[in-house]
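1. can you look at this prediction? I've put the sequence above it.
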Amino acid sequence: MEIKAIMLLVPALIMFCCGVYGFITRRNMIAILISLELMLNAVDINFAVFNRYLWPDAMEGMFFTLFAIAIAAAETALAIAIIINLYRSAKNIDVRDLNKLKY
Amino acid sequence: MFSNILIWFVVIPLLMLAGLALCRDIKQIRAVAVAGSIALVGLSVKLLVDYLAIRAAGNTDPMLFTGSWTWFAPLHINLAIGVDGISVAMILLSAIIVFAGSFASWTIPQPKAFFLWLILLSTGVFGFFISIDLFTMFMFYEVALIPMYLLIGVWGSGRKEYSAMKLTLMLMGGSAFLMLGLIGIYYHSAPAGQSLTWNILEIVRNNSISHGWQCFLFPMTFVGFGVLGAMFPFHTWSPDGHASAPTAVSMLHAGVLMKLGGYGCFRVAIYLMPHAANELAWIFLVLTGISVVYGAFSACVQTDLKYINAYSSVSHCGLVLFAILMLNTTAMTGAIMQMLSHGLMTALFFALIGMIYGRTHTRDIRAMGGLMKIMPYLSVCYVIAGMASLGLPGLSGFVAEMTIFVGSFQHADVFHRTFTIVACCSIVITAVYILRVVGKLLFGPVQDKHHLELTDATWWERLSTVTLILCVAAIGCFPNFFSNLIRFTFSPDIFAVLGMN
Amino acid sequence: MDATLPILILAIPLGMFLVLGLAGCKMSHKLAGTLGCLGMGTTLVLAYYTAFTYFFSGSPEFVDAAGNRLQALIFNQTWLAFTDNLVIRLGFLLDPISAMMLVVITTISFMVHLYSMGYMRDHHGVYEHGFQRFYAFLSLFSFSMLGLVVATNIFQMYIFWELVGASSYLLIGFYYVKPSAVSASKKAFIVTRFADLGFLIGILILSYYTGTFNFTELTSAPVEGLAGVFQISESTAAGVKSVFESSATPVFMGASVLTWALVLIFMGGMGKSAMLPLHIWLPDAMEGPTPVSALIHAATMVVAGVYLVARLFPLYLMEVSALEFVTWVGALTALYAAIVACTQIDIKRVLAFSTISQIAFMMVSLGVARPEMHEGLGYMASMFHLFTHAMFKALLFLGAGALIHAIGSNDYTEMHGLRKYMPITHWTFLIGCLAIAGIIPFSGFFSKDEILSSCLGNSTVIYVWMSLVAGLTAFYMFRLYYLIFWWKEHKVHEGHHAPHDQPWTMSLPLIILAAISLVAGFIPFGKFVTWNGKSYDFMAHFDWSVAAVSLFVAVVAIAIATVMYRKENPLPEKMRAAMPGLWKWAHHRFYWDELYMFITHRIIFDGICRPIAWFDRHIIDGTMDAFATITNKASRAIKPLQSGQVQLYVWWYLLGALALGGITMLCLL
């Protein structure tokens, strides 16, 4: 069976929507971070898929995916560090309560 | 560049700033302030002498000591400078008031920062008066305005944050109009195909602002500068601002900064757009005519000394704009003389109020009385300032007001006549509020027994007031000198355009 | 004539003011007083010399071949140029009236300087606080008044007019600790300032149409061959009138513009000369030291209004309606002030109202003067009365000052029967009273008689009216005289020493002024002061029937006063009970002060100033604050959108993206 692009894109879309939903609704910062990663990975899949199906000769999509994975790793590390520090000072990682710096 | 005398009016304050930055104690700060302000006074006197000498030699250029240095070529922004009789008079006024103001703030707390901002302010003022490039003029204008916020907000009294904010925001609002107007002028400064310019003299020579644009740009610039000139109904920053400002700042603000408004109205709004001025003057004549009596009536019932003076300034500065709008040589000469006169006497008033407030710690006239017995020197000065304000011959107010009235009366139509007579009424109302405050504050029995222990003026206060009184009397006794300095400056071309005498 | 002396006449008092004002507090009292007297004495000599030269030298500058007196511009220095034509000059115009005024002012001023040396110290010889300041102000006043009378143009007059007002303000408020003195000085300044507003507008109108401020160009023509010499000329005044008539709007609101100008200028005179309804400041001005009242508020400053009209008289002649206005204002004021003077208790106030009434006489006299009648007798009579009145009124005031100094009160109820204690004061005061009542041969008789003659020449109504006022004058003056010096024996309180005559510095001026009042009537004034400079013998116009009638009226009035007030008796009480309404109104000066209080406080302060101040704070400033408040509120309102919660932003982003996408789809479909 030939694997069509749509068969890869639909799960990616589902993944992305789950990520959006999680990002919007979750209050725990860790969960938000996970949702963010979900969205990123969905996008990475899209990059790879489009590259493979539309411009098989080119490699930019692949490189971009790799690049995004690397960035995501760094970003996650940074975010986790911030969250841990926040938790140390506020004993809380609920985003709705963390409004000390607002306005 | 430095061979031009005018540049030094900006350089000296900048040097003073550098000197102040190095100062370690109050004595050094005072030394820098006094030396700098004496240098400024000396320089402005030299400028006056040179100016008169060149004029006497038969030079009839509209501006003397001109010079222009490119600053930002793509937008044709130059540091263009030059003076005529009016600017010379204004520079002299500013130098004298900076001098008197330095002595009036002899014992201010945090002197270093205070003088830094004060000198920065005066840099702006001098820069404004020497500029003939609209852009640099506007820049110096802003340089003069911003320090005001800090000077009032930090060293002020009463509701100082509120007042400082109000003053700054209202003046900035005016600046917004002004900037719009100036940019508009810039884009119409030259006929199509020629390069644009910010230089006032070139704009006048090109005479290329179309009638329609004049009618749009004239109100913009006039209102923009009018806000600083305390034109009704944009005057309300003045009472609060003056009431909260420290002594020297009130002096400089009422004495010089409000003059920037009148000067700008003349130099930019009317000089560059005479047609629109001729057509639209009536609107502003109504507003300024209202200012004159309205300010005077309001001053009649105030109880705070500074409020009385602030409203009095509204009335007197209203007269300045009123006279400028009369668009004839005599009235405009009167307007500039009124600027000089008001600058000096109101600075004197604010200096005295500051000195009295520093002793009694109140500015409420109901809580004071009989100060003549306690501090005769300050009281006599106050009476002299009052007399100058209500137009006693021999002091400056009289000659300025009379020149304005005679000039205004040269318009034969009912509208101008009516407003001239309305403006004349202010001399009576002025007498009412001045004598009211003099009677309550200085005469009569002593209200508060604690005041009996107060002392009279110190030497620096005496120096500050005597300087101002001498200048007020000089204008009042030898008005023709100042009048001629100003009168022969008005280039006949702008009046020729208007078809007036 | 050389300009040195005239310059000195002005410069010495000014210099004295500066010296005494700046260095006075460093000087001893005696030195300051002596300096002041010396300065004024020098000025007096110079002024007498100048006037003498003017009247008697016969130089062609001052009198032409036909014997007409001319106007000479001794010097005329540019002070401030408004335009090429409208130039304020400071100068010295010598003509009959200015020469006469020089004499009057310096005489009275010197007498007052001398008198104050005694008056301004208490019974132990201790000088009053501010003695040097007093002399400085007196010098300032003398300078301003001299500058006023020698003015060469109407603006110079206005300048010195204002200076005179200011020095009057300073002198009335001399006792600045007394609230009543402070408010009196304020009132005087503001009322006259209001009048000056009219004066100023009048000047503006006049100068706009004629293009000049100079008196010489308004009222006289240059004399051929002599620079700076002019002759009063009706044709110049007629020329001025024709300028007005040929202007764009010759008539404004029913009266010609020239009339408006003249009436407005006269308004300035009404203020300074305390004519109805601007008279209210003068009685209050008596709060000042008595020598000041004698100098300023009796003899010199208050006649400035009369002098002003006299100065512009040829112009007034061109507009008879303006002259009639002057007449009726004068007539009403004369009667009003005379009635009020009959009921006052304070002796200085009686004299103040008497002054108002007498100045009104001068005004009426100018108002009825016409060249075709007795060669303008009214003008000469007015100036004559100005001269004699200055002398006898100064005498009366200085006498009153002596009484106040001795008794320590202004109230005649505390005086009574002083004739034995203070003989010099008594006799000189009596001479003053006889002079003002118009008894032959005292000076007032002659001048008043001429005024009445010229009134009769103009209109019988005015004549009868003014004769009645003259009778009232005699009555109230003798009422005052008897109440002070007779009525009943003086009681000397325990512990007080009996009142006595004053030191020579005070007596000498009284005696000199009394002597002048005695003989001044015989000066042939018509030879010196006439409206157009032509001298004539006024005895030719002397009307014995008028003289007899006025003498009769005066004698009857004095007789009534004698019956009522010589000895203590119930007649005055009965009189008062007979017309309680009139008495009450007159005693309260017909409630003018209350009316003005109402206008100034209720209408101007409460009705205009306070609402405007409120409007400014709440409406204008409120609007400005409202801009700030609205900006603030708006930013608060939209602040929650910028909550910092990224999740909310995402919601908005999603919604926005979906909406945009939807719209794009719709558009594409």
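-> Okay, I see it.

2. quick one: name whatever helix or strand follows the helix or strand containing residue B:418.
-> Assessed by DSSP states H and E, residue B:418 sits inside helix B:414-441. Counting by DSSP H and E, the next helix or strand C-terminal to helix B:414-441 is helix B:459-477.

3. buried residues in that next one?
-> B:460-469, B:471-473, B:475-476 (16 or more other CB atoms under 10 Å in any protein chain shown). Where C-beta positions appear, they are placed from N, C-alpha and C, glycine not excepted.

4. next: stretch C:176-196.
-> Of all the residues in stretch C:176-196, those buried under the rule 16+ other CB under 10 Å are C:176-177, C:179, C:181-196.

5. what about the residue nearest to residue B:358 when sequence neighbours are not counted, distance to residue C:488?
-> In space, residue B:358 comes closest to residue B:247 once its chain neighbours are excluded; the distance is 7.7 Å by CB to CB, 6 or more residues apart in numbering or on different chains. For residue B:247, the distance to residue C:488 (CB to CB, to the nearest Å) stands at 63 Å.

6. and the two? Which one has more around it.
-> Comparing residue B:247 with residue C:488 by other CB atoms under 10 Å in any protein chain shown, the one with more neighbours is residue B:247, at 26 against 10.

7. is it true that that one touches residue B:349?
-> No. Using CB atoms under 8 Å, residue B:247 makes no contact with residue B:349, being 10.7 Å away.

8. okay, now residue A:74: neighbour count?
-> Per other CB under 10 Å, the neighbour tally for residue A:74 reads 10.

9. wait, is it part of a helix?
-> Yes. Assigned with DSSP: H, G, I helix; E, B strand; the rest coil, residue A:74 falls within a helix.

10. tell me the contacts of it?
-> By CB atoms under 8 Å, 6 or more residues apart in numbering or on different chains, residue A:74 lies in contact with nothing.

11. same check, this time on residue B:168
-> B:145, B:146, B:148, B:149.

12. repeat for residue C:486
-> C:416, C:417, C:419, C:565, C:566, C:567.

13. do you know how far the third one is from chain B?
-> Meaning residue C:419. 38 Å (CB to the nearest CB, to the nearest Å).

14. let me know the secondary structure of that residue.
-> Classified using three-state DSSP, residue C:419 is coil.

15. quick one, phi/psi of it?
-> When read as degrees, to the nearest 10, the backbone of residue C:419 gives phi -60, psi -30.

16. what number of residues lie near residue 70?
-> Because you didn't say which chain, this covers chain A. 10.

17. actually chain C
-> Using other CB under 10 Å, residue C:70 has 22 other residues around it.

18. just residue B:488 next, same as before
-> 15.

19. show me what contacts it?
-> Residue B:488 is in contact with B:55, B:85, counting by CB under 8 Å, 6+ apart.

20. quick check: phi and psi on it?
-> phi -80, psi 0.

21. just for chain B, where's the confidence low?
-> B:491-501 (pLDDT under 70).

22. now do the strands in it.
-> B:64-72, B:77-83 (DSSP state E).

23. cool, and chain C?
-> With DSSP E as the criterion, chain C has strands spanning C:71-81, C:87-94, C:220-222, C:229-232, C:251-252, C:255-256.

24. can the longest one be said to contact chain B?
-> Yes. Strand C:71-81 is in contact with chain B by CB under 8 Å from any CB of the partner chain, via C:78, C:79, C:80, C:81.

25. ok and that strand relative to helix B:459-477, angle-wise?
-> Angle of strand C:71-81 versus helix B:459-477, following axes from the mean of the first three to the mean of the last three CA atoms, to 10 degrees, is 130 degrees.

26. could you pull up the residues touching the closest residue to chain A within chain B?
-> Going by CB to the nearest CB, chain A is nearest to residue B:165 of chain B, at 19.0 Å. Residues near residue B:165 by CB under 8 Å, 6+ apart: B:149, B:153.

27. likewise residue C:597?
-> Counting by CB under 8 Å, 6+ apart, residue C:597 has no contacts.

28. what's the spacing between it and chain B?
-> Remark: distance between residue C:597 and chain B (CB to the nearest CB) = 14 Å.
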